[in-house]
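K.L.:
Let me see the structure of the following:
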Amino acid sequence: MAISTKKTRPLKPADMKALGQAAECLKTLAHPVRIRMVQLLLHGRYTVGELAEDCDVPDNVASEHLRLMQRCGFFHSEREGRKVYYQVAEPHLENLMACIESRFLERRK
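P.N.:
Predicted coordinates for the structure are as follows:
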């Protein structure tokens, strides 16, 4: 068995409640339509209809995806007249998406 010479920082005791919240939010993100919505919303704000059209899903399905992700704190919405625009509220989504894109999407090019 090889001994690691890599210096590591000491691990703090696990905060199982926080890890549980992280797991729930990651489970919520784990859907192709939701990942695409995150991609889009990282580049601007969109209405449900615009997101639904890009993702090729009905508006009500897009709304449900957005509602679930908004509950995790990923997005917030803003009403302007009759339209509701969604924007990223969680700045760490950019890092998560960069990891996803570099691992799964960039090698397709």
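K.L.:
ok now stretch 100-109, how far from the chain's centre?
P.N.:
Counting by CA atoms, centre = their mean, to the nearest Å, stretch 100-109 is centred 16 Å from the centre of its parent chain.
K.L.:
What helices and strands are in contact with the strand or helix carrying V61?
P.N.:
Here V61, judged by DSSP states H and E, is contained in helix 59-71. Packing partners of helix 59-71 (3 or more CB pairs under 8 Å, 6 or more residues apart in numbering; DSSP states H and E): helix 16-29, helix 32-41, helix 48-55, strand 75-80. Yep, even glycine has a C-beta here, placed from its N, CA and C like the rest.
K.L.:
Tabulate those in TSV, adding columns for mean pLDDT.
P.N.:
Output for the helices and strands packed on helix 59-71, formatted as TSV (pLDDT from 0 to 100):
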stretch	mean pLDDT
helix 16-29	93
helix 32-41	97
helix 48-55	98
strand 75-80	96
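K.L.:
Select, out of those, the one closest to L68.
P.N.:
Of all these, helix 16-29 sits nearest to L68, with 5.3 Å by CB to CB.
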